[in-house]
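**Student:** task: produce atomic coordinates for the following.
(2 chains)
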Amino acid sequence: ETGVTQSPTHLIKTRGQQVTLRCSSQSGHNTVSWYQQALGQGPQFIFQYYREEENGRGNFPPRFSGLQFPNYSSELNVNALELDDSALYLCASSLHPRETQYFGPGTRLLVL
Amino acid sequence: KNQVEQSPQSLIILEGKNCTLQCNYTVSPFSNLRWYKQDTGRGPVSLTIMTFSENTKSNGRYTATLDADTKQSSLHITASQLSDSASYICVVSAEGSQGNLIFGKGTKLSVKP
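**Tutor:** Have a look, this model is predicted:
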């Protein structure tokens, strides 16, 4: 176990709805990165938070947003859900943006 | 465009046999390369990490190699076990990428008894 936890484990939503996914980082880690992994694909970088500030963003639309709290836990929010948003959402924490990332178990989102 | 290509896409081997997985990348400027193991429905777990100056690194039965000149890496698994059945993902980080890791699609390994 990496010490990174995510909730919920599974989630079913319908198109147009909004969803919030949560991640608790490993103790001592101040950096959290979020990834989307479609079935049979490698994870795609969404964004990274470092000390409560966004520290880089991948090629995802603005309806994907996030934040990091003072305890370095993080949330990923997705508005106006689309069918293609169905995926495994992974968060990873690290001591620093350039250090090894430790992944949580993921949240599997299904959009109907 | 920064890309990571892995081969084969899938592999089936018998328990106890060895295997080698390949990774080619076009990420520049290169910072480091990692191999992750991902069990179905779980998050990836780091196996090895190598920087430009390292050409081999071992973690138990896993040995990774890196040729920074040809931009190729391999992951060799010796004496495979049933628990090695998973996807193995090659991940490359570019300098100044602010944590944006470029993931390959992975090689799905199945170890049969």
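
**Student:** which residues touch the residue most central in space within chain A?
**Tutor:** In chain A, the C-alpha closest to the average C-alpha coordinate belongs to A:Trp34, at a distance of 3.3 Å (Cα atoms, centre = their mean). Remark: with contacts taken as Cβ atoms under 8 Å, 6 or more residues apart in numbering or on different chains, A:Trp34 is in contact with A:23, A:45-48, A:66, A:74, A:76, A:89-92. To be clear about C-beta, it is placed using only N, CA and C from the backbone, and glycine gets the same treatment.

**Student:** now do the strands in chain A.
**Tutor:** For chain A, applying DSSP state E gives strands covering A:5-7, A:10-13, A:19-24, A:31-37, A:44-50, A:53-57, A:64-68, A:74-78, A:87-94, A:102-103, A:107-111.

**Student:** do the fifth one and chain B meet at all?
**Tutor:** Yes: using Cβ under 8 Å from any Cβ of the partner chain, strand A:44-50 reaches chain B at A:44-45, A:48, A:50.

**Student:** which one of those residues has the most neighbours?
**Tutor:** Per-residue neighbour counts (other Cβ atoms under 10 Å in any protein chain shown) across these peak at A:Gln48, which has 28 neighbours.

**Student:** you'd agree B:Glu54 is in a strand?
**Tutor:** No: per DSSP: H, G, I helix; E, B strand; the rest coil, B:Glu54 lies outside any strand segment and is coil.

**Student:** okay, it: pLDDT?
**Tutor:** Per-residue pLDDT puts B:Glu54 at 90.

**Student:** look up how far B:Thr70 lies from it.
**Tutor:** 15 Å (Cβ to Cβ, to the nearest Å).

**Student:** so what's the residue nearest to the centre of chain A closest to, chain neighbours aside?
**Tutor:** Nearest-residue entry for A:Trp34: A:Ile46, 4.3 Å, with adjacent residues in sequence omitted and distances by Cβ to Cβ, 6 or more residues apart in numbering or on different chains.

**Student:** and that neighbour, what does it touch?
**Tutor:** A:Ile46 makes contacts with A:33-36, A:57-58, A:60, A:64, A:66, A:76, as judged by Cβ under 8 Å, 6+ apart.

**Student:** weed out the non-buried ones from these.
**Tutor:** With neighbours counted using 16 or more other Cβ atoms under 10 Å in any protein chain shown, the contacts of A:Ile46 contain these buried positions: A:33-36, A:57-58, A:64, A:66, A:76.

**Student:** going by distance to A:Arg108, which of these wins?
**Tutor:** The closest of the buried ones among the contacts of A:Ile46 to A:Arg108 turns out to be A:Gln36 (Cβ to Cβ; 11.4 Å).

**Student:** so what strands line up beside the least confident helix or strand in chain B by mean pLDDT?
**Tutor:** Every helix and strand in chain B was compared by mean pLDDT, DSSP states H and E; the lowest is strand B:101-103, with a mean of 85. On the basis of DSSP bridges, the sheet neighbours of strand B:101-103 come out as strand B:86-94 (antiparallel).
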